[in-house]
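1. Could you look at this predicted model? Sequence included:
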2 protein chains.
Amino acid sequence: MMSGETNTADAASVKALTFDVFGTITDWRGTLIREGKDFGIRKKLTVDWARFADAWRAGYAPSTRRVNERELPWKNIDALHRIILEDLLQRFGITGLEERDKEYLNRIWHRLDPWPDVSSGLQRLRRHFLVAPLSNGNVGLLVDLARHAGIHWDCVLSSELVKRYKPDPEPYLYAAELLGLHPEQVMMVAAHNTDLDAARSVGFRTAFIYRTDEYGPGQSSDLAPNPSVDFAASDLNDLADRLIL
Amino acid sequence: MMSGETNTADAASVKALTFDVFGTITDWRGTLIREGKDFGIRKKLTVDWARFADAWRAGYAPSTRRVNERELPWKNIDALHRIILEDLLQRFGITGLEERDKEYLNRIWHRLDPWPDVSSGLQRLRRHFLVAPLSNGNVGLLVDLARHAGIHWDCVLSSELVKRYKPDPEPYLYAAELLGLHPEQVMMVAAHNTDLDAARSVGFRTAFIYRTDEYGPGQSSDLAPNPSVDFAASDLNDLADRLIL
């Protein structure tokens, strides 16, 4: 992290904040476990939903990497989540689900709950900056999430628009282009160093948010920011305190 | 227009409303005249700003057509507005402007005022439908406009995303794809029959809004909807009355 003086100068030239969504804005793990348990009671299933949630999420990075490396043709996150789900249902011995049940499960990703600081923090940040998700989630998913969480984005930016997933450079560069801004006028806000490293490599400013519970009690990665980030904040309200002087 | 019974069935399957912006949501002519007059007083210019506004807008359709017919490489609306502006400054004998003055004028399109019914009408419609602009304006322009007008879109859809302008089919089809909807689940809302005809030709539902003052007192086009539109409404509140039962 830079010194306080440098940060102040940085923040003054920033016009837009772009946010990672899965993990930074939303508690995917808590929501998947809660929804899974409810679903399991209704369907009389015995499943370790924490393990199920972790396994579903674990399938995500390899899938997006296969698309970026062109081993898979372009598929949006809804489609990738569904492919992973089919495999998980087998592995967890869940049988007899109808198509509408599977679609109901897959759509949990459209109704993830936000972390408690998101609503108030984003409202404060939006008074001073353009705010937009910059997510690997598809546009339709992000729209549903925002309505579910009561979030007011200025626009919805997604890897879907370039058919390449973060951390490839294209989603970041296209986001800045669409906003009519230079990369250094945009700050990526994320709980993941990989995302911030990629954003910084194309010229974005970066802010790390501590989400040390994202992966549950055993989380071992992204417990602290890489030293190169411009800001680090405990949550979005703390980020507003640091950026808005 | 279809009968009331048919309209009710249509509206029930519609999930998203996409809106034309220049003319349907915003009063571009009134804003250009008001801002032009203010600018003229500050710069001591004698200009007929109504004629200037009309000439600026008249340059728009031919420019977008040249892009669609590939006579011009892709340029977004900010760039096309600027090209037209340079020509107008010559034709209206306006000399001695600095670069920042020209940019100030070009950015009037980023701060167009909404029609008086837009804020309340969109709020009502948004409770029942996804709402998004589907405009030839570039994303950055649409984001600025929404902030200026206090509009809360669910996402920002623009011809810029496909580098083809309405009324070509691509912007409509891509809008439905990004929302994860079939074309018949989307309703285009516009004050212009050309826009609605194009939307209907790819399967969208359509709603005509009467904006008979858009082009000023001498308006001769788009005074009434083509018979093929699904709905016609005097403004967005009237549309909400018709769609929300």
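-> Alright, I've got the coordinates.

2. make it CA atoms for all contacts and neighbour counts henceforth
-> Fine.

3. give me the element residue A:47 is part of.
-> Taking DSSP states H and E as the definition, residue A:47 sits outside all helices and strands.

4. So what's the residue count around it?
-> 15 (other C-alpha atoms under 10 Å in any protein chain shown).

5. Verify the stated contact: it with residue A:40.
-> Yes: at 7.2 Å, residue A:47 and residue A:40 qualify as touching, with contact defined as C-alpha atoms under 8 Å.

6. Near residue A:55, how many residues? Count them for me, please.
-> Number of residues near residue A:55 (other C-alpha under 10 Å) recorded here: 15.

7. Not counting its neighbours along the chain, what's nearest it?
-> residue A:88 (7.6 Å; C-alpha to C-alpha, 6 or more residues apart in numbering or on different chains).

8. thinking residue A:168 is in contact with residue A:68, fair?
-> Yes: the pair residue A:168 and residue A:68 passes the contact test of C-alpha under 8 Å, sitting 7.5 Å apart.

9. Who has more neighbours out of the two?
-> Legend: neighbour count by other C-alpha under 10 Å for residue A:168 and residue A:68, higher for residue A:68 (18 against 15).

10. what's the neighbour count on the residue lying closest to that one once chain neighbours are set aside?
-> When the adjacent residues along the chain are set aside, residue A:68 lies closest to residue A:164, with 5.8 Å between them (C-alpha to C-alpha, 6+ apart). When counting by other C-alpha under 10 Å, one arrives at 23 neighbours for residue A:164.

11. Would you mind measuring from residue A:164 to residue A:121?
-> Relative to residue A:121, residue A:164 is positioned 29 Å away (C-alpha to C-alpha, to the nearest Å).

12. which bits of chain A sit near chain B?
-> Contact residues, chain A versus chain B (C-alpha under 8 Å from any C-alpha of the partner chain): A:138-140, A:143, A:146-147, A:152-156, A:161, A:178-180.

13. contacting residues around stretch A:102-114?
-> A:25-28, A:31-32, A:35-36, A:78, A:81-82, A:85, A:141-142, A:144-145, A:148-149 (C-alpha atoms under 8 Å, 6 or more residues apart in numbering or on different chains).

14. who touches residue A:77 in this structure?
-> Counted by C-alpha under 8 Å, 6+ apart, residue A:77 has contacts A:136, A:137, A:138.

15. For the second one, grab the count of nearby residues.
-> Taking other C-alpha under 10 Å as the criterion, the count of residues near residue A:137 is 24.

16. tell me the contacts of it?
-> The contact partners of residue A:137, by C-alpha under 8 Å, 6+ apart, come to A:21, A:76, A:77, A:78, A:158, A:159, A:160.

17. quick one: which of these is nearest to residue A:125?
-> Nearest to residue A:125 among the contacts of residue A:137 is residue A:21, at 15.8 Å by C-alpha to C-alpha.

18. Now residue A:210: closest residue in space, sequence neighbours ignored.
-> The spatial neighbour of residue A:210 that comes closest, neighbours along the chain excluded (C-alpha to C-alpha, 6+ apart), is residue A:234 at 5.1 Å.

19. Spit out the contact partners of the one you found.
-> Contacts for residue A:234 (C-alpha under 8 Å, 6+ apart) come out as A:209, A:210, A:211.

20. at 10 Å instead, please
-> Contact analysis of residue A:234 by C-alpha atoms under 10 Å, 6 or more residues apart in numbering or on different chains lists A:117, A:191, A:208, A:209, A:210, A:211, A:212.
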